[in-house]
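Student: For reference, the sequence and a predicted model appear below.
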Number of protein chains: 2
Amino acid sequence: MLLRDGYIAVDWGTTNRRAYRIDAGGALVADHEDDQGVTAVAAGGFEAAAADIRTALSDLPLLMAGMIGSNRGWREAAYVPCPASAEALAKATLWIAPGRTCIIPGVCQRGAAGADVMRGEEVQVIGAIAAGLMPPDAIVCHPGTHAKWIKVANSEISAFCTMMTGEMFALLSDHSILRNQLRGSVVPDAAFLAGVDEALSGAELLSSLFRIRAGALLGEGSRDPAAHASGLLIGSDVREGLAFSGSSPVTLLGRPELTALYAAAIQRAGHRTTSIDGAEAFLAGIGQIAAHF
Amino acid sequence: MLLRDGYIAVDWGTTNRRAYRIDAGGALVADHEDDQGVTAVAAGGFEAAAADIRTALSDLPLLMAGMIGSNRGWREAAYVPCPASAEALAKATLWIAPGRTCIIPGVCQRGAAGADVMRGEEVQVIGAIAAGLMPPDAIVCHPGTHAKWIKVANSEISAFCTMMTGEMFALLSDHSILRNQLRGSVVPDAAFLAGVDEALSGAELLSSLFRIRAGALLGEGSRDPAAHASGLLIGSDVREGLAFSGSSPVTLLGRPELTALYAAAIQRAGHRTTSIDGAEAFLAGIGQIAAHF
């Protein structure tokens, strides 16, 4: 009811943000993307950074999710504990200005299951179910800097496990002894699958990553060390994710260039996958959560 | 015969170097350590950097080992293939100035066993045997930036496996999302052993490292995240190293503050250890190799 004239949904991450104007009928009518992620905005600068979005798209309510609600963001939004539903996320939403500007909370897991947190992926999961893109009971893998494997039961996020796969690839590419070798974009080619196979058959990262360096020094290395290293990391992630989730098929949710790599690795392990575009799921998720306001 | 007046043994690594003057009778009479590791010396500057050592210690033959023989060093010395003996290392020594200045080669492993390389550790292994500090058949673990697990048979290096454990800890401490948490020196305390136990019971690094971050955000994290992370990494290293080497006891060779951490982790896994100071082994190794010149 608060949003009868439409709203702007904002996926505000660490390094960039994407905003979508939704009209009164629920249709996407315009969008805006820029590099003003939370680390690019100085403390105290978020009010102005949010105003820029309204200037670009329209003076409508802003419904935000992602790292904007973290301790580096505008205001720290709560974490809803597992199992987390759309209704629970709506109830715990942090209103910076009532009816006008809010941050959707994240989700956390505590205790024996292992401390874990997410911000942003929960909106995509809720949305994928609401839009009929995946069933209300599913195993979701959301690739990224901090990849998530998520168990969904009865339309709720029941448990999850984060792996710092994307961050590890960035650390190795930018700062490690492999940095000069890890160049170029990665696609699911033979070098990538060789790394996946190595990981799925039990190779451990601390040694398998060094073999990329040693192979190059001895002239018997991979022709595409970036794809090989990515395959080792994603293969390790998938090996552990499948052990965590324990069933098939796996619903891949996120950026298509990343879900394609994970789909190749998960299929290599003998499991079926389906892939959903994260942006589409995000919009459906914000709509579903807003319906509970 | 070349060295009848004594010599200077130099362990010249990536970030620092240590030189020892050995007299005609084989006794250590003086040493010199500084931060002129190979990355601190500009191309073309090694002749002068070596002269500085002679100025500090004496105008004697320089017998060097370590990263000085790498493609970032003074001149690239060969890798002797496994199985590698003291005699093979002596024969493949690179003489920059005959009888006066040389670099001991490294050791490599090729083919199905997995591409791998070492530079410097081989001298310590040869020396530990020559000095009677360990038997001619042994499993050696040499901790460091690139930790080595080494199978020694009949006084030769027969196979080995490198793990980038120390480098990974440095990447995480300096550049990762954990960088603000990983502060302070690590000793084998309860937090370290908790990390070791987690790794030995099968926890994988990509997820267990992220739990350090999530635990802190949720107020249920380790009180000493640096020790916890170090335990996870060294525990993973030990888990794989024991699977590689397949027997006990393990001879730890290297810097005492590092071998103490590995000894605690290996003992936690139920295996016996003995520890040897790497500097003592290095001197014995240079002497043993020089005896074959």
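Tutor: Yes, it's here.

Student: Contact residues of the stretch 51-200 of chain A facing chain B?
Tutor: A:71, A:79, A:108, A:110-111, A:114-117, A:146, A:161-165, A:167-168, A:171-172, A:174-177 (CB under 8 Å from any CB of the partner chain). All C-beta atoms are positioned from the backbone trio N, CA, C, and that covers glycine.

Student: Mind pulling the model confidence for the closest residue to chain B within the stretch 1-150 of chain A?
Tutor: Closest residue of the stretch 1-150 of chain A to chain B, CB to the nearest CB: residue A:115 (4.0 Å). Listed pLDDT for residue A:115 reads 96.

Student: In helices, which of the residues of the stretch 51-200 of chain A next to chain B fall?
Tutor: Among those, the members falling in helices (DSSP state H) are A:165, A:167, A:168, A:171, A:172, A:174, A:175.

Student: Can you lay out the residues you listed as a markdown table showing neighbour count and pLDDT?
Tutor: Below are these laid out as a markdown table (neighbours: other CB atoms under 10 Å in any protein chain shown; pLDDT from 0 to 100):
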| residue | neighbour count | pLDDT |
| --- | --- | --- |
| A:165 | 27 | 98 |
| A:167 | 21 | 96 |
| A:168 | 27 | 98 |
| A:171 | 20 | 97 |
| A:172 | 26 | 98 |
| A:174 | 11 | 97 |
| A:175 | 15 | 97 |
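
Student: now, which of those sits nearest residue A:217?
Tutor: Nearest to residue A:217 among these is residue A:172, at 16.7 Å by CB to CB.

Student: Report the contact partners of that closest one.
Tutor: Contacts were defined as CB atoms under 8 Å, 6 or more residues apart in numbering or on different chains; by that measure residue A:172 touches A:178, A:179, A:182, A:209, A:229, B:171.

Student: How about the first one, nearest residue that isn't a chain neighbour?
Tutor: Spelled out, that is residue A:178. residue A:172 (5.2 Å; CB to CB, 6 or more residues apart in numbering or on different chains).

Student: any idea how far residue B:23 is from that neighbour?
Tutor: From residue A:172 across to residue B:23, the span is 46 Å (CB to CB, to the nearest Å).

Student: Over to residue A:201?
Tutor: 53 Å.

Student: So these two - more neighbours on which side?
Tutor: residue B:23 (14 against 9; other CB atoms under 10 Å in any protein chain shown).

Student: Let me know the pLDDT of the residue nearest to residue A:203 when sequence neighbours are not counted.
Tutor: In space, and not counting its chain neighbours, residue A:203 is closest to residue A:232: 7.0 Å by CB to CB, 6+ apart. If you check residue A:232, the pLDDT there is 98.

Student: Can you tell me the element residue A:232 falls in?
Tutor: If you go by DSSP states H and E, residue A:232 is part of helix A:225-245.

Student: Not counting its own residues, what contacts whichever helix or strand comes after that helix?
Tutor: Note on helix A:225-245: by DSSP H and E, the next helix or strand toward the C-terminus is strand A:250-254. Residues outside strand A:250-254 that contact it (CB under 8 Å, 6+ apart): A:121, A:124-125, A:128, A:134, A:138-144, A:241-242, A:259, A:262-263, A:266, A:271-276, A:278, A:281.

Student: Using CSV, write out every CA atom in strand A:250-254.
Tutor: The C-alpha trace of strand A:250-254 is given here as CSV (Å, rounded to 0.1, in the frame of the first residue of the first chain):
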residue,chain,number,x,y,z
VAL,A,250,21.3,-27.4,-8.3
THR,A,251,19.7,-24.1,-9.1
LEU,A,252,22.3,-21.6,-10.2
LEU,A,253,21.4,-18.0,-9.4
GLY,A,254,23.5,-14.9,-10.3
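
Student: angle of that strand against helix A:225-245?
Tutor: Calculated by axes from the mean of the first three to the mean of the last three CA atoms, to 10 degrees, strand A:250-254 forms an angle of 130 degrees with helix A:225-245.

Student: I'd like to know the average pLDDT value across strand A:250-254.
Tutor: 98.

Student: quick one: contacts of the helix or strand that comes right after it?
Tutor: Once strand A:250-254 ends, the next helix or strand along the chain (criterion: DSSP H and E) is helix A:256-268. Under the criterion CB under 8 Å, 6+ apart, residues A:141, A:143-144, A:166, A:186-188, A:192-193, A:196-197, A:200, A:230-231, A:234-235, A:237-238, A:242, A:250, A:252-253, A:273, A:275-277 lie in contact with helix A:256-268.

Student: swap in stretch A:30-39?
Tutor: Outside of stretch A:30-39, the residues within contact range by CB under 8 Å, 6+ apart are A:12-21, A:49, A:52-53, A:56-58, A:67-68, A:70, A:72-74.

Student: same thing but 10 Å
Tutor: A:8-23, A:40, A:45-46, A:49-50, A:52-53, A:55-58, A:66-74, A:279, A:283 (CB atoms under 10 Å, 6 or more residues apart in numbering or on different chains).

Student: Of all the residues in that stretch, which ones are buried?
Tutor: Across stretch A:30-39, burial judged by 16 or more other CB atoms under 10 Å in any protein chain shown covers A:31, A:32, A:36, A:37, A:38.

Student: Please report how far the last one lies from residue B:132.
Tutor: The one in question is residue A:38. Computed as CB to CB, the residue A:38 to residue B:132 distance reads 60 Å.
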